[in-house]
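Peer 1: Give me the fold of what follows.
(chains A and B)
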2 protein chains.
Amino acid sequence: MPITFYDYAPAPSPRRARILLAEKGIEPEIIQIDMAKGQQLSDDYKKINPGCTIPALRLEDGTVLTDNAGIAAWAEAYKPEPPLLGTTPTEKGLVMSWNARCEFEGLMAIAEILRNTSDGMKGRAMTGPVNFEQIPALAERGAARLPLFFDALNARLEGREFIAIDSYSLADITALVVIDFARWVKFKPAETHTNLLRWHAAASARPSAKA
Amino acid sequence: MPITFYDYAPAPSPRRARILLAEKGIEPEIIQIDMAKGQQLSDDYKKINPGCTIPALRLEDGTVLTDNAGIAAWAEAYKPEPPLLGTTPTEKGLVMSWNARCEFEGLMAIAEILRNTSDGMKGRAMTGPVNFEQIPALAERGAARLPLFFDALNARLEGREFIAIDSYSLADITALVVIDFARWVKFKPAETHTNLLRWHAAASARPSAKA
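Peer 2: Sure thing, here's the model as predicted:
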């Protein structure tokens, strides 16, 4: 069975996996699931991923991994080079720790803004098969949180080339997607975030960023 | 430098790390940070973890890991036996995937209920150094989400001894903490969740569950 990646090219979550796979040189078959048409909620896709989220990755043994956490752990073991989760125990801890911060303080804040304000997401404020109403106060909270995360990333990048460790890692991938996804809700790093802007330019110049 | 664990015995997040360390047989020095007295917001603790969250683990080289994601990745590399993150690529993917589900659909839903309803958390609806007001609608959403997760876990455990793979893993640790933490907000598995109740009894009987 070929490795198959269920993708939606415009969305940030599958982009995280695409960049990771590109850095690893793993080239699955790709099937686009058009979220603009609601195909992630179709009966056909529910047979692959009952959670209705994208990305999903079907492995050679038929196992389907339905989130970036699982896809990254699989990829690092399936093709260890180049390492993207760190090499030493300390490095592995730092990569997963900064990745978690990028998810919780970055991606989640942006999703809170987008899903709770967008007209197209009325009644669909959470991913998945169950419908949830928008919560405007949650969008406001996300908008208050996100600049704090940009500040934190900028501070971390003082004198550093990469976010978590001394080489490109999963944390850089997640942070790159955070910065680019933030534009969807009209947020971007400030001009004073010079470290963050320098890092973003370098991360964006990698071939994998176009994946 | 000894490995030092910053703990608060009653709280669910440090319990996740304590169970993990106990399963690994890693025995750090333990320092209690009394969250009931707000010690996590003290200047002394901010020097260790500016994010003011617990757990934190200071490693032998002085690196401080400030969340369960980093602590688990470090521990698996520092002391590989017994493996708690899976052995094969597929297993590693499944463990991280189910762990992520337990976090997002379980722990987060409970935290949404607790932090947005508790009198003691008025004005403190998020962890960290910055204050955020409670959002009652978010508590309602969490209360709607949590039973769906119990259903999903119960379905997953049909005919299975463990949640992610055929041995005890990080996903079981996180799920155990979810089920026990749910009692704080008056939720528990239904009597019809027979698989979940069987699994919970077994996970609770492990010596590490008392850690």
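Peer 1: Can you show me the strands along chain A?
Peer 2: A:4-7, A:29-32, A:56-58, A:64-65 (DSSP state E).
Peer 1: next one: the third one to chain centre, how far?
Peer 2: What separates the centre of strand A:56-58 from the centre of its chain is 15 Å, taken as C-alpha atoms, centre = their mean, to the nearest Å.
Peer 1: For it, which helices and strands make contact with it?
Peer 2: For strand A:56-58, the elements it packs on are strand A:4-7, strand A:64-65, helix A:68-78, judged by 3 or more C-beta pairs under 8 Å, 6 or more residues apart in numbering or on different chains; DSSP states H and E. In this view, the C-beta of every residue, glycine as well, is placed from N, C-alpha and C.
Peer 1: Give me the residues contacting the second one.
Peer 2: Residues from elsewhere that reach strand A:64-65, judged by C-beta atoms under 8 Å, 6 or more residues apart in numbering or on different chains: A:48, A:49, A:56, A:57, A:58, A:59, A:71, A:74, B:93, B:94, B:97.
Peer 1: Isn't the second one up against residue A:5?
Peer 2: No. Taking C-beta atoms under 8 Å as the contact criterion, residue A:49 and residue A:5 are not neighbours in contact, 12.0 Å apart.
Peer 1: Now do the shared contacts for the two.
Peer 2: With C-beta under 8 Å, 6+ apart, residue A:49 and residue A:5 have common neighbours residue A:56.
Peer 1: between the lengthiest helix in chain A and helix B:136-156, how many degrees?
Peer 2: Identified as the longest helix of chain A according to DSSP state H is helix A:136-156. With axes from the mean of the first three to the mean of the last three C-alpha atoms, to 10 degrees defining the directions, helix A:136-156 sits at 80 degrees from helix B:136-156.
Peer 1: chain center to stretch A:68-85: distance?
Peer 2: Put simply, stretch A:68-85 sits 14 Å off its chain's centre (C-alpha atoms, centre = their mean).
Peer 1: Contacts for it, please.
Peer 2: A:13, A:16-17, A:20-21, A:23-26, A:55, A:57, A:59, A:65, A:92, A:95-96, A:167-170, A:173-174, B:73, B:85-86, B:88-90, B:92-100.
Peer 1: Can you give me the pLDDT of residue A:57?
Peer 2: pLDDT recorded at residue A:57 is 98.
Peer 1: Please name the residues that touch it.
Peer 2: Here residue A:57 is in contact with A:3, A:4, A:5, A:6, A:17, A:28, A:64, A:65, A:70, A:71, A:74 (C-beta under 8 Å, 6+ apart).
Peer 1: Going along the chain, name the helices of chain A.
Peer 2: A:12-24, A:43-48, A:68-78, A:89-101, A:108-115, A:136-156, A:170-182, A:194-205.
Peer 1: Tabulate those helices in CSV, adding columns for mean pLDDT and mean neighbour count.
Peer 2: Below are these laid out as CSV (pLDDT from 0 to 100; neighbours: other C-beta atoms under 10 Å in any protein chain shown):
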stretch, mean pLDDT, mean neighbour count
helix A:12-24, 98, 22
helix A:43-48, 96, 12
helix A:68-78, 98, 25
helix A:89-101, 98, 25
helix A:108-115, 97, 22
helix A:136-156, 97, 18
helix A:170-182, 98, 25
helix A:194-205, 98, 16
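Peer 1: With residue B:140 as the reference, measure out to residue A:132.
Peer 2: With the distance defined as C-beta to C-beta, to the nearest Å, residue A:132 ends up 10 Å from residue B:140.
Peer 1: Then residue A:104?
Peer 2: From residue A:104 to residue B:140 the distance is 22 Å (C-beta to C-beta).
Peer 1: Break chain A down into its structural domains.
Peer 2: The record's domain parsing of chain A by automatic domain parsing lists A:4-78, A:89-210.
Peer 1: what's near enough to touch the closest residue to residue A:126 other than its chain neighbours?
Peer 2: The shortest distance from residue A:126 to any non-neighbouring residue, by C-beta to C-beta, 6 or more residues apart in numbering or on different chains, is to residue A:132 (4.4 Å). Taking C-beta under 8 Å, 6+ apart as the contact definition, residue A:132 lies against A:123, A:124, A:125, A:126, B:141, B:144, B:145.
Peer 1: The fourth one: what's it in contact with?
Peer 2: Going by C-beta under 8 Å, 6+ apart, residue A:126 touches A:115, A:132, B:141, B:145.
Peer 1: ok, so of the residues you listed, who is nearest residue A:159?
Peer 2: Nearest to residue A:159 out of these is residue A:115 (C-beta to C-beta; 35.9 Å).
Peer 1: List phi and psi for residue A:60.
Peer 2: Torsion angles at residue A:60 (phi, psi; degrees, to the nearest 10) stand at phi -60, psi -30.
Peer 1: Quick check: it touching residue A:26?
Peer 2: No. If you go by C-beta under 8 Å, residue A:60 and residue A:26 don't touch, sitting 11.5 Å apart.
Peer 1: now the domains of chain A in TSV, with distance to residue B:178?
Peer 2: Shown next, in TSV, are those (distance: least, C-beta to C-beta, whole Å):
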stretch	distance to residue B:178
domain A:4-78	16
domain A:89-210	17
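Peer 1: Just tell me which of those ends up closest to residue B:208.
Peer 2: Nearest to residue B:208 among these is domain A:89-210 (20.0 Å), distances taken as C-beta to C-beta.
Peer 1: Off-centre distance for that closest one?
Peer 2: Averaged over its C-alpha atoms, domain A:89-210 has a centre that lies 8 Å from its chain's centre (C-alpha atoms, centre = their mean).
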